[in-house]
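Visitor: please work out how this folds:
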Amino acid sequence: MRVAIIEASHWHAPLYLDALESADVQVVAVSDGEQAKGRDIAARFGCRFYESYEELLQKETIDFAFAFGRHAEMPRIAEMLIERRIPFALEKPCGVKAAQVTRLRELAESAGVYVAVPFIFRISDFLAAIEEMEGRIPSDFNHLQFRFIVGPPSRYITAGVPWMLDPAIAGGGPTINVASHFFDLFRFITGKDIATVSAVMSSRTHGGEIEDYSIVTLRTDDGVVGVVESGYSFPSTSDEQREFSFTLGSSGHYAYSGQDVFHVRDRSNLATGTRTRPVRLETDIYYPLFVRRVLDECRAGSSPVAGLRDAEAMMEIVEAAYASARLGGAPQKITRMRRDKRNSRNTTARHNSRGERPATAAYTVNTYPYTLRYGLRDCIAHLADLGFRSFEPMLVPGHFWPSREAADEQRKIGSLLASRDLRIVTLNQPNLDINLGSSVPEMREHSCAMMIAAMRLAGDWGAMGVVINPGKSNPVLASPRDQLTDWFRRSLDALVPEAERLNVQLIVKNHPLSYLHRAADLVSFFDSYGWERIGIGYDFANGHFGREDPTEALQLLNSRIKLIYAADSGLDEFRHDPVGVGAVRFNDIAAALRAFGYRGDTVLEILNDEPDLALASSVAQLETHAWPRRDGS
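Guide: Alright, predicted model coming up:
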């Protein structure tokens, strides 16, 4: 069997190597973008080394892959393997968001590709001892507690994987990296799904960006309770690396840990006292067993000992735990809504049981709150799983940025849109680095170049247009208004012909920090300049904070409006909050929209730490006002 090791700098990769030195296995290639351990591993097996997994997969013919890598990069690695129909094992957590793992599971199941995930307690002495005690797995447990405290975060720097300390790349600390094993084990030995999750976390020990201590409480619908304590706070040495302890309470037995032993008391026969069974609690020894197990399964055409469906359930728990911790430990419900929807191949995302489109399908989502969480492709897939069908991507490096290097990803996003019947309405970007009304010609030239790149992308994806801002002025010493408008005119002189050539619109958005933000000022300017290829995107939160009555603005702009933005704000602080929590009068606005027959897109541009919940609550609020829906939705 020809095997590749992908992104070999992961700290678990060395645990796989002995098992791969087998007569029936030939390691033919190793990749390592971190360039920390890969060359040495390739030398050990006398095989080819690649600095990128993309090149490896393009050039090598392989029968199986063991895939590692940065957590945030794992979905892309897995997708490339699935596209090539290569069976593989993927280190947990398989991504940094449940939606990413769900997408991988769907792709793998559709393609019929074997994918295993190393939840190694499923092949451990520990599980064998539990099964021996209970006589069966799953069994009737009442409560379970696991403590797994490992060494400090600095060990990842020493191991050559400092990205583990970056929550954007790693997804978090011990909760996603360590406790995840026990979330899976809880589900496996109880045979039950989790109903609610609560958690408290701290970074007090090391003061880093990731948590270094975590307690997560799990509860099933029928009251089984699990407590998972994990951390990066054990003062580890080479001879003692971690603390691992547990207690398990079932209807028949009570078990608790010792030093590599499993103590059991039988509730129905207390006279026997405490029985002790040796177990190997050193977890590293099970990775070679995992290697041999998955290769045998793959050869036999068997299902994996643990797969992406298990990883998906684990990641839903992880996300709920982090959400709970951010809310001070408030319990979070785990619903099967998304999973059930995906298992039915997304039909519920498009229609409800009566054949009607759900309310979410009528609204467009601006991806701003997701830019630090997802790449754009994963973001669109995640939002589509929630029932949304149209989007306004924010062009932000790390989320998506139009460049020569992004051409392949651009194509994949286009394929995603086509395969799932989704659409991009407009493209937008933060205006921090762009100023079409700058006094500096080179700045205007740069800003126009960025806008033209966005217009080309809009044309490629079939979007209506690109959102632009008239420009910013110095709030301390503003330039004369006629100069500001002249500079903006010069930028438009460069942009409008390109918009015509590319068949896209320039959507001018009202923004209270721009010198040209009131509806009357926008109408006056463009009545003079001309409306060719120009439309208005009116933002109600922006208008309210800018001391403009949105209903009066709608009457003035009327047919010039190409799309509208729904978010809430007060007057004292500029916000884009969920609809209903600020002072914007959405009931009056809905009536005004109905009065002039608006049937265009409503963009939800909500900036919130829990954007999924914020979007759901905003849709519900707008529906109570009989908000006009886009034609066809």
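
Visitor: neighbours around the closest residue to residue 140 other than its chain neighbours, how many?
Guide: Closest residue to residue 140 apart from its sequence neighbours, by C-beta to C-beta, 6 or more residues apart in numbering: residue 251 at 4.7 Å. Heads up, the C-betas are built off the backbone N, CA and C, glycines and all. Using other C-beta atoms under 10 Å, residue 251 has 11 other residues around it.

Visitor: and the gap between residue 251 and residue 134?
Guide: Noted for residue 251: a distance of 9 Å to residue 134, by C-beta to C-beta, to the nearest Å.

Visitor: what touches both of those two?
Guide: residue 140 (C-beta atoms under 8 Å, 6 or more residues apart in numbering).

Visitor: got the CA coordinates for stretch 566-579 in PDB?
Guide: In PDB, the C-alpha atoms belonging to stretch 566-579 read as follows (Å, rounded to 0.1, in the frame of the first residue of the first chain):
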ATOM      1  CA  ALA A 566     -30.900  45.800   8.000                       C
ATOM      2  CA  ALA A 567     -29.100  46.200  11.300                       C
ATOM      3  CA  ASP A 568     -29.900  48.100  14.500                       C
ATOM      4  CA  SER A 569     -28.200  51.000  16.200                       C
ATOM      5  CA  GLY A 570     -28.700  53.700  18.800                       C
ATOM      6  CA  LEU A 571     -27.700  57.300  18.600                       C
ATOM      7  CA  ASP A 572     -25.000  57.400  21.200                       C
ATOM      8  CA  GLU A 573     -22.800  54.600  19.700                       C
ATOM      9  CA  PHE A 574     -22.400  53.500  16.100                       C
ATOM     10  CA  ARG A 575     -23.500  49.800  16.000                       C
ATOM     11  CA  HIS A 576     -24.600  47.100  13.700                       C
ATOM     12  CA  ASP A 577     -26.600  45.100  16.300                       C
ATOM     13  CA  PRO A 578     -29.300  42.400  15.700                       C
ATOM     14  CA  VAL A 579     -32.600  43.800  14.600                       C
END
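
Visitor: list the contacts of it.
Guide: Here stretch 566-579 has contacts from 363, 512, 539-542, 544-545, 547, 580-584, 586, 602-608, 614-615, 617-618, 621-622, 627, using C-beta under 8 Å, 6+ apart.

Visitor: now do the buried residues in it.
Guide: 566-569, 575-579 (16 or more other C-beta atoms under 10 Å).

Visitor: please apply the same query to stretch 198-218.
Guide: Neighbour-count burial for stretch 198-218 [16+ other C-beta under 10 Å]: 198-199, 201, 203, 206, 208, 210-218.

Visitor: stretch 128-143 now?
Guide: Buried-residue list, stretch 128-143, by 16+ other C-beta under 10 Å: 129-130, 133-134, 137, 139, 141.

Visitor: rank these by pLDDT and give me only the lowest.
Guide: Ranked by pLDDT, those bottom out at residue 137 (87).

Visitor: what helix or strand is the spatially closest residue to that residue that is not a sequence neighbour on?
Guide: Nearest non-adjacent residue to residue 137, counting by C-beta to C-beta, 6+ apart: residue 131, 4.7 Å away. Following DSSP states H and E, the helix or strand that holds residue 131 is helix 125-134.

Visitor: what sits up against that helix?
Guide: 121, 137, 139-140, 185, 188-189, 248, 250, 252-253, 255, 262, 264, 277-281.

Visitor: and for stretch 540-551?
Guide: Contact with stretch 540-551 is made by 509-512, 517-519, 538, 553, 564-571, 574-577, 582-586, 588-589, 591-592, 605, as judged by C-beta under 8 Å, 6+ apart.

Visitor: list the buried residues for it?
Guide: For stretch 540-551, burial by neighbour count (16+ other C-beta under 10 Å) applies to 540-546, 548, 550-551.

Visitor: where do the helices sit along the stretch 1-150 of the chain?
Guide: 13-20, 38-45, 53-59, 74-83, 98-111, 125-134 (DSSP state H, counting those that start in this stretch).

Visitor: same list (those) but as a markdown table, adding distance to residue 322.
Guide: Putting the helices of the stretch 1-150 of the chain into a markdown table (distance: least, C-beta to C-beta, whole Å) gives the following:
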| stretch | distance to residue 322 |
| --- | --- |
| helix 13-20 | 27 |
| helix 38-45 | 31 |
| helix 53-59 | 28 |
| helix 74-83 | 18 |
| helix 98-111 | 11 |
| helix 125-134 | 26 |
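
Visitor: out of those helices, nearest to residue 330?
Guide: Checking the helices of the stretch 1-150 of the chain against residue 330 by C-beta to C-beta gives helix 98-111 as the closest, at 18.8 Å.

Visitor: so which elements touch the closest one?
Guide: helix 74-83, helix 308-326, helix 337-343, helix 376-385 (3 or more C-beta pairs under 8 Å, 6 or more residues apart in numbering; DSSP states H and E).

Visitor: pLDDT on the second one, on average?
Guide: Okay, so that is helix 308-326. The average pLDDT within helix 308-326 is 95.

Visitor: please flag which of the buried residues of stretch 198-218 sit within strands.
Guide: 198-199, 201, 213-218 (DSSP state E).

Visitor: and the two most separated of those residues?
Guide: Going by C-beta to C-beta, the pair spanning these furthest: 213 and 218, at 17.4 Å.

Visitor: okay, strands next: where are they in the stretch 151-300 of the chain?
Guide: Ranges of strands within the stretch 151-300 of the chain are 196-202, 213-219, 225-231, 243-250, 253-258, 261-266, 274-278, based on DSSP state E, counting those that start in this stretch.

Visitor: take the ones you listed and lay them out in TSV including mean pLDDT and distance to residue 103.
Guide: Below are the strands of the stretch 151-300 of the chain laid out as TSV (pLDDT from 0 to 100; distance: least, C-beta to C-beta, whole Å):
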stretch	mean pLDDT	distance to residue 103
strand 196-202	97	22
strand 213-219	98	25
strand 225-231	98	26
strand 243-250	95	33
strand 253-258	94	37
strand 261-266	94	39
strand 274-278	92	42
